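Visitor: Below: sequence and its predicted model.
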Amino acid sequence: MIEATGLTKHYGQTVAIESLDLSVPDGVVYGFLGPNGAGKTTTMRILTTLTQPTSGSATINGTPISDRTAVTRHIGYLPEVPPLYAELTAFEQLDLAAGLRDLSPSQSSERITSLLDRLDLREDAQTKIADFSRGMRQKTGFIQAILHDPAVLFLDEPTAGLDPRAARTLRELIVEHAASGTTVFLSTHILSVVEEIADTVGVLYDGRLVAEDTPSDLTHRAETGDHQTLEAAFLELTSEEPNTEQAAND
Ligand SMILES: Nc1ncnc2c1ncn2[C@@H]1O[C@H](COP(=O)(O)OP(=O)(O)OP(=O)(O)O)[C@@H](O)[C@H]1O
């Protein structure tokens, strides 16, 4: 569903990502980890057609990312800052998004109401986004990303700012969508979320993919410390010390 070959992005002298290969099948939740500045957002911006790669290529559901209009039909994207109009109410915002996605008015109204309900926002449907808290904006941005049941869902820190109940509902919605065939590309620093819902984890370090495995197999790679944890594995894979896998890629 997501195929990338040799994706590279330079910003002047800065190498944001380097020769990135990805292959993510249907219905998989792919946890995309990496330290600050590793290149996660850059990768997602390329795959969602918002930024062009310096070199390399990728397809989403078989469509090349150079075909922006066609790719946009297949995807939903929740970036770090949800793209919302402050002057609209939550319902107006979501209705607008549904219209852009060609949902019929009856379909969209039902779906919006049910998702607002699920995320405990129904009573705030007529409140302006300007008056929303950070978490309420995040929920609205998430609903906007999944409204049209995209084939591929890109999520950048989706649980940021959410209370524990909302974060749980959001994880449940991600798992439900994956179970019905949506491929989820999930970037987060919250390792417990990845442990709970990701089928595969990719670890990006300095713009390169240094590991890709199931969360449990990755956890078992941790060599130091009293306990093998995903955190220990992550810290080892993203330390300044060379590791064998990275050295092999160099
Ligand atoms: N528009 C830009 N112009 C110049 N450099 C950029 C730009 N966007 C990203 N970069 C650089 O590319 C590198 C990767 O940044 P990116 O935002 O992709 O990292 P990230 O893994 O998403 O980080 P974080 O976890 O902090 O969100 C960084 O060195 C960053 O400074």
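Guide: Everything's here; your move. Numbering: from 1, shown residues only.

Visitor: Which secondary structure state does the closest residue to R165 other than its chain neighbours sit in?
Guide: Using CB to CB, 6 or more residues apart in numbering and skipping the chain neighbours, the partner closest in space to R165 is D120 (7.4 Å). From N, CA and C alone the C-beta is placed, and that goes for glycine too. The local conformation at D120, judged by DSSP: H, G, I helix; E, B strand; the rest coil, is coil.

Visitor: burial of D120, as a residue count?
Guide: When neighbours are counted by other CB atoms under 10 Å, D120 registers 14.

Visitor: Equivalent analysis for V175, please.
Guide: V175 has 14 neighbouring residues, counting by other CB under 10 Å.

Visitor: For T41, see how far away D156 is.
Guide: To T41, D156 is 6 Å away according to CB to CB, to the nearest Å.

Visitor: residues touching P53, list them.
Guide: The contact partners of P53, taken as CB atoms under 8 Å, 6 or more residues apart in numbering, are 7-9, 46, 65.

Visitor: Low-confidence stretches in the protein?
Guide: 224-227, 241-250 (pLDDT under 70).

Visitor: ok, which residues in it are in contact with the ligand?
Guide: 11, 14, 16, 34, 36-42 (CB under 6 Å from any ligand atom).

Visitor: Just the buried residues from the residues you listed, in ChimeraX please.
Guide: Of the residues of the chain next to the ligand, the buried ones go into a single ChimeraX selection, burial set by 16 or more other CB atoms under 10 Å:
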select :16,34,38,39,40,41,42
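
Visitor: excluding its backbone neighbours, what's nearest L47?
Guide: Closest residue to L47 apart from its sequence neighbours, by CB to CB, 6+ apart: A58 at 5.9 Å.

Visitor: Can you get me a residue count around the one you found?
Guide: 23.

Visitor: do L235 as well
Guide: 14.

Visitor: That one should be in a strand, yeah?
Guide: No. Using three-state DSSP, the assignment for L235 is helix, not a strand.

Visitor: Could you check how far it is from T229?
Guide: In terms of CB to CB, L235 sits 9 Å off from T229.

Visitor: circling back: among the residues of the chain next to the ligand, which are located in helices?
Guide: 40-42 (DSSP state H).

Visitor: Can I get those in a markdown table including distance to S133?
Guide: Formatted as a markdown table, these follow (distance: CB to CB, whole Å):
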| residue | distance to S133 |
| --- | --- |
| K40 | 25 |
| T41 | 23 |
| T42 | 29 |
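
Visitor: Which stretches in this structure count as helices?
Guide: 40-47, 68-74, 90-100, 105-118, 134-146, 164-179, 191-197, 215-219, 230-237, 244-249.

Visitor: Could you point out which of the ones you listed sits nearest V81?
Guide: Set against V81 and scored by CB to CB, the helices of the chain come closest in helix 134-146, at 8.2 Å.

Visitor: which outside residues touch that closest one?
Guide: Residues contacting helix 134-146 (CB under 8 Å, 6+ apart): 76-79, 82-84, 90, 93-94, 97, 112, 115-116, 119-121, 124, 129, 132, 153-155, 158-163, 166, 170, 173, 177.
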